[in-house]
Structure formats: structure tokens, C-alpha cells
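Asker: Have a look; sequence and predicted model below, questions after that.
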2 protein chains.
Amino acid sequence: MSAATEFDRHIDVSPLGDGRFAVELDAGWAVGAGLNGGYQLSVVGNAIRAAFPQQPDPIVVSAYYLGPAQAGPATVEVTPRRAGRTVTVGADLRQGEDVRLTVLATYGDLAAQPDAVATTAEPLVLPPREECRPNSEAPAAIRTLAPLIDRFEMLFHPDQAGWFGGEPTGRGEISAWFRLKDGRQPDPIALLTVLDALPPVTFELGRPGWAPTIELTAHVRALPAPGWLRVRHVTRNIAGDMFEEDCEVWDSADRLVAQSRQLARLPR
Amino acid sequence: MSAATEFDRHIDVSPLGDGRFAVELDAGWAVGAGLNGGYQLSVVGNAIRAAFPQQPDPIVVSAYYLGPAQAGPATVEVTPRRAGRTVTVGADLRQGEDVRLTVLATYGDLAAQPDAVATTAEPLVLPPREECRPNSEAPAAIRTLAPLIDRFEMLFHPDQAGWFGGEPTGRGEISAWFRLKDGRQPDPIALLTVLDALPPVTFELGRPGWAPTIELTAHVRALPAPGWLRVRHVTRNIAGDMFEEDCEVWDSADRLVAQSRQLARLPR
């Protein structure tokens, strides 16, 4: 594989045989006490793609985060569960004796899907990019907590960016223009990162800490067109020290290419 | 276990040791070519509860449906993946050599959760029950396709019940008052059935066939109060012969007790 971009190098997998892959998790994706969950999911997702090249695309992936991953070597073990026109697998991301992330996933070939689209969701409307707040201006404390933010160009909706100035809106919604800084164009594997890349909506609820994901399920519904993506995170149910966060990703062709819902712990 | 109600008898599990349980899947939950996915999930969920009685409640469960389950004997095999204040497990529902359903789940004790609730979702408002359309009046063809409908009392929102008369609204939304017909009060295990009990939203889109679930992830966020539940199914993204369906369940105390999102295949 030609690993031309930084993102491709950081998610690269080396086959060890029997569905096992060696990976090197990169420190550039740190957030809080571990590595970003979306990045981990792209690494695991890339290993599943390598194990089943005839079904290259994640269609649905459910990720359970068992412990914080650290920069350094890791292995991914892919276990087939059912094969057909689509393939369903389990996969574990392991460091030493510990499983950091366990996944169930169904993969297929998005390019082979029927073209008919009857989506009723309205495309996400954001102000022009020059009116949005770039992540390069995010508070230093947040960039220290989440160095991964520098992997992206994010231009935040100015009405949902109170956390930039310590004046959160109190509404559980954050949205932004998004692309990978290294010029890597979006594909289904990268979308797994995009779905968990923005700061958690709790930033706008006045809780600007790390919000560990318990579980995240991603649906990838179409091959994304090149260019800027638009991403929105919303929460509606905050209770019992947990919150759900829905994410949707729209591509430059106004297609709803990915959706996710995660359950996360509220920051302390 | 005293299995007083029909529902309790139908989800009853008998320990075989080593995390394995014997179950008898009941024909009363048939839909299309198999058994209802929500019912299967309650069976598996009940086995996980039996394996970890200190963490009795599903908090998040992700279910991948690998093949249609049939009435008759089956086994559930529960594999611990991480133990702590919550427990994360894998579980398989097996009949003969075939796994029908594989699950990842995190369980805990919902009664021990902090009380603080900051949910912003608005409680689901339905017309008074006497103005709604009871499932007992659903078309015969649909009751033949889905005999499980007779396990429930469902009172459908009259503005979203065009499918009763062959005049679907064309909008991807169906909601209803809901309770189990046998008088069994809701609990977290029963909620796993409730989240997949209504007809698919595709009924209101003019496609009244069986919509096989590929994957369903359920969040159970609180112990439900006794009494009638209110349930809403919505879809926003229909593409590539698949659709996502979000479900929310509100209890009689106006609490959002459960949410799910599933990815399903469009009926042919």
C-alpha cells in the first residue's frame, strides 16, 4: 500500500497472518488519558478492510472502548462471523495483554449499492467558512488536552462556539466544516475518525473535559465526495452521568454519508 | 425464578455452566421468515443478566443479526470482556451450528446511577389513547406477516397510521402507546423488545413488508416506571436499499428511558 498521507501512515496495518495485523498507534492522536476513539476505529477499520478486500467498506461498526489506548505498537485481530454479499466480523485492538477496543462490524462494497436515495434529512447548513471559528484559535488548555485537534482543519459554527471564549451556549450542539489537514480526501475508513473528531457537545454545556466514549456505532451510507465535510454533534439525553451524542456527516455533494450515535461519560 | 407472565416464560434461561444458557424460543414472536429481533435481544439480555446478577441492567447493547432465528431450542453463550463497576460482554444466540445473533453489551446497575437528569428532548406527545388506532384493528395481511403483534397492546398515532387503510402518509414516522398484553410491567430487559416491536417506519412509506434488521444498538438510560410507554420510530436516511430507524421510549413518568438506532434493509 502506498501510504502517501500522514493519515494513511498512521492507520497503516501489516498482516501477521490468520487475520492478525500489526499497527503502530501514533501519539499525535492523544486526547485526555488515551488516544482518540475515532482514530482507533479507523485503525481497526483499516485492518478489517485488509482482511476482506472484496468488502472494503464499513457499513455499520459498533465499538466498545474497554481501556485507554497508548501510542506505540498494537495488534488487531479480525474474526469472521458471517460471510456473504456482506461480511460480519469481530475485531479486537490489543496492546500487550489488554484489549483496548472491541468491535462488531458489517462490511460491504458501497460502490456496488443501488443509487436510489430517498433521504428526508435536510442537508446541514453552516455559515460560510470565513465566518466560522477555526480550531487553530481554540483555547490553549483545550489544545493541550486534545493534541489531536491539530490533525484537522475545523471551522466551527460561530453560534455554537461559546467554548472558545469560556462562555458556552448551554445547548448540546456543535457543528463545523471539516477536513484532514494533510490533504487526505475522505473515504469510509476516514469517516470513522470524522464521526468522533469534534470536541464533545459537553463543551457547549460548560463541561470542557474529556468525555470517554463507552460505545459508538457508526453507519457509513455512501462513498463521500472529495472536499470539505460538514459535521454536527447533538445530545438530547443527559442522565446518570452519561450522555448520548448523535453525529451526522454531510459531504460536498450534499449527501448524508455517515451517522453515528455514541454513549459517553460526562466529564467530571 | 418465578416466571409469572408469558413474557417472562418466553425469555426464561436455564444455566448450563461456563456462561452458557439453554433457552426455548417461542413461536409467538414470529415475523417474516424468523423471530422478532427485539424478542431475541431480550432473551440474550436476560442471559447476560443471569450471568452477571450484580450488574443486572443493559446500559448499551449492540446486536448484529446473522440469520433468522426459528422457534425451538437455542443456547446463549456469554463471554466476559471486561469487569469493573460495569461489565462488558460478548454473547451469541446459537441454534445448532448457526449463530443467529451476536451481541456486544455493557451492563450495570441503573438503580445505583446518580439522579441528575438534564435531558433536553421533549417528551413524546400522543393523542389520548381512545383517539388512537389499536393494533387489534391492523390489516389481516400484516397480522399474518407479524403474529408477534398480538403480544402487545399498541395504540397508534392516528396521523401516522395510514398503513391501516392502505394509504401510507409517505412520512417516515410511526408512534404509539405501548404495553405488553400479558400485564408484564416494563423493565430494562423488556425495553429491548419494546425498541423493536412497532412495525417498521417503511409501513408509512408504502413498503409494508418485512424489514430485516442488520444491526441495532440500544441504550437503556433509566429504570422505567410502571404503566403505558410511548414509543416513536423515525427514519431520515434511506439509501442503498437500507434505512436507519431511530426509536425512543418514554415512560409514564415522562422519562426518556431508552433509545435505539438500527440499520435495516428496505422491504422488497
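Answerer: Received the coordinates, thanks. These figures come from a predicted structure and were not determined experimentally. Numbers count the residues shown, from 1 in each chain, chains lettered A, B, ... in the order given.

Asker: Quick check on A:Gly90: phi, psi?
Answerer: Main-chain torsions, A:Gly90, degrees, to the nearest 10: phi -110, psi 150.

Asker: tell me the contacts of it?
Answerer: By C-beta atoms under 8 Å, 6 or more residues apart in numbering or on different chains, A:Gly90 lies in contact with A:Val78, A:Thr79, A:Arg81, A:Thr102, A:Val103, A:Leu104, A:Ala105, B:Gly90, B:Thr102. In this view, the C-beta of every residue, glycine as well, is placed from N, C-alpha and C.

Asker: wait, what's in contact with the fourth one?
Answerer: Right, A:Thr102. Contacts for A:Thr102 were tallied using C-beta under 8 Å, 6+ apart; they are A:Ala63, A:Tyr64, A:Leu66, A:Gly90, A:Ala91, A:Asp92, A:Leu93, B:Arg81, B:Thr88, B:Gly90, B:Leu104.

Asker: hmm, which of those are the buried ones?
Answerer: With neighbours counted by 16 or more other C-beta atoms under 10 Å in any protein chain shown, the contacts of A:Thr102 contain buried members at A:Ala63, A:Tyr64, A:Leu66, A:Gly90, A:Ala91, A:Asp92, A:Leu93, B:Arg81, B:Thr88, B:Gly90, B:Leu104.

Asker: Would you mind confirming that the third one is in contact with A:Glu97?
Answerer: To tie it back to what came earlier, the one meant is A:Leu66. No - between A:Leu66 and A:Glu97 there is no contact, the gap being 11.9 Å when judged by C-beta atoms under 8 Å.

Asker: Any idea what A:Leu229 is bridged to?
Answerer: Beta bridges link A:Leu229 to A:Phe178, judged by DSSP bridges.

Asker: Give the burial count for it, as a bare number.
Answerer: When counting by other C-beta atoms under 10 Å in any protein chain shown, one arrives at 23 neighbours for A:Leu229.

Asker: Same question for the one 5 residues further on.
Answerer: The criterion is other C-beta under 10 Å. On that basis, A:Val234 has 17 neighbouring residues.

Asker: Which strand or helix spans the nearest residue to A:Val103 once chain neighbours are set aside?
Answerer: Leaving out its chain neighbours, the residue that sits closest to A:Val103 by C-beta to C-beta, 6 or more residues apart in numbering or on different chains is A:Ala91, at 4.5 Å. According to DSSP states H and E, A:Ala91 maps onto strand A:87-95.

Asker: and the lowest-mean-pLDDT helix or strand in chain A, which residues are buried?
Answerer: The helix or strand of chain A with the poorest confidence is helix A:140-145; it has a mean of 87 (mean pLDDT, DSSP states H and E). Buried residues in helix A:140-145, counted by 16+ other C-beta under 10 Å: A:Ile142, A:Leu145.

Asker: Work out the gap between that helix and the centre of the chain.
Answerer: 20 Å (C-alpha atoms, centre = their mean, to the nearest Å).

Asker: ok, and what's touching that helix?
Answerer: If you take C-beta under 8 Å, 6+ apart as the criterion, helix A:140-145 is touched by A:Val31, A:Gly32, A:Ile149, A:Asp150, A:Trp163, A:Pro199, A:Phe203, A:Pro208, A:Gly209, A:Trp210.

Asker: next SSE after that helix?
Answerer: Next helix or strand after helix A:140-145 toward the C-terminus (DSSP H and E): strand A:152-156.

Asker: Determine which two of the contacts of helix A:140-145 are furthest apart.
Answerer: Within the contacts of helix A:140-145, A:Asp150 and A:Gly209 form the most distant pair, 19.1 Å apart (C-beta to C-beta).

Asker: can you tell me which residues contact A:Ala51?
Answerer: If a contact means C-beta under 8 Å, 6+ apart, then A:Ala51 has A:Gly19, A:Phe21, A:Val78, A:Pro80, A:Val89 as its contacts.

Asker: Give me the PyMOL select line for the contacts of helix A:140-145, limited to the buried ones.
Answerer: Buried members of those, defined by 16+ other C-beta under 10 Å, are picked up in PyMOL with:
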select buried, chain A and resi 31+149+163+199+203+208+210
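
Asker: want to throw the contacts of helix A:140-145 into CSV with secondary structure?
Answerer: Output for the contacts of helix A:140-145, formatted as CSV (DSSP: H, G, I helix; E, B strand; the rest coil):
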residue, secondary structure
A:Val31, strand
A:Gly32, coil
A:Ile149, helix
A:Asp150, helix
A:Trp163, helix
A:Pro199, coil
A:Phe203, helix
A:Pro208, coil
A:Gly209, coil
A:Trp210, coil
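
Asker: from the contacts of helix A:140-145, which is closest to chain B?
Answerer: Proximity of the contacts of helix A:140-145 to chain B (C-beta to the nearest C-beta) peaks at A:Phe203, which lies at 14.8 Å.

Asker: And the residue nearest the centre of chain A?
Answerer: Closest to where the C-alpha atoms of chain A average out (C-alpha atoms, centre = their mean) is A:Thr193, at 2.6 Å.

Asker: Check that one and give its pLDDT.
Answerer: Predicted confidence (pLDDT) for A:Thr193: 98.

Asker: mind listing the helices for the stretch 151-268 of chain A?
Answerer: Assigned by DSSP state H, counting those that start in this stretch, the stretch 151-268 of chain A shows helices spanning A:188-194.

Asker: What residues does it have near chain B?
Answerer: Residues of the stretch 151-268 of chain A lying close to chain B by C-beta under 8 Å from any C-beta of the partner chain are A:171-172, A:205, A:214-215, A:217, A:219, A:221-222, A:235-242, A:244, A:256, A:259, A:261, A:263.

Asker: How about the residue nearest to the centre of chain A, nearest residue that isn't a chain neighbour?
Answerer: Nearest to A:Thr193 is A:Gly38, by C-beta to C-beta, 6+ apart, at 4.1 Å.

Asker: and that neighbour, helix, strand or coil?
Answerer: When classified by three-state DSSP, A:Gly38 comes out as helix.

Asker: so where's chain A shaky on pLDDT?
Answerer: Counting by pLDDT under 70, the ranges of chain A that qualify are A:1-3.

Asker: quick revisit: can you tell me which of the contacts of helix A:140-145 comes closest to B:Pro127?
Answerer: Of the contacts of helix A:140-145, the one sitting nearest to B:Pro127 (C-beta to C-beta) turns out to be A:Phe203, at 38.7 Å.

Asker: Identify the residues contacting the closest one.
Answerer: Per C-beta under 8 Å, 6+ apart, neighbours of A:Phe203: A:Ile142, A:Trp163, A:Pro168, A:Ile174.

Asker: circling back to that earlier point, which residues are common contacts for A:Leu66 and A:Glu97?
Answerer: Listed as contacting both A:Leu66 and A:Glu97 by C-beta under 8 Å, 6+ apart is no residue at all.

Asker: mind listing the strands for the stretch 51-200 of chain A?
Answerer: Counting by DSSP state E, counting those that start in this stretch, one finds strands in the stretch 51-200 of chain A at the ranges A:57-65, A:72-83, A:87-95, A:98-108, A:133-134, A:152-156, A:173-180.

Asker: so of these, which one's packed in deepest?
Answerer: Mean neighbour count, computed with mean count of other C-beta atoms under 10 Å in any protein chain shown, is highest for strand A:57-65 among the strands of the stretch 51-200 of chain A, reaching a mean of 26.

Asker: for it, packing partners?
Answerer: Using 3 or more C-beta pairs under 8 Å, 6 or more residues apart in numbering or on different chains; DSSP states H and E, the elements in contact with strand A:57-65 are helix A:37-51, strand A:98-108, helix A:188-194, strand A:213-220, strand B:57-65, strand B:98-108, strand B:213-220.

Asker: Now the buried members of the residues of the stretch 151-268 of chain A next to chain B.
Answerer: Using 16+ other C-beta under 10 Å as the burial test, those include A:172, A:205, A:214-215, A:217, A:219, A:221-222, A:235-240, A:242, A:244, A:256, A:259, A:261, A:263 as buried.
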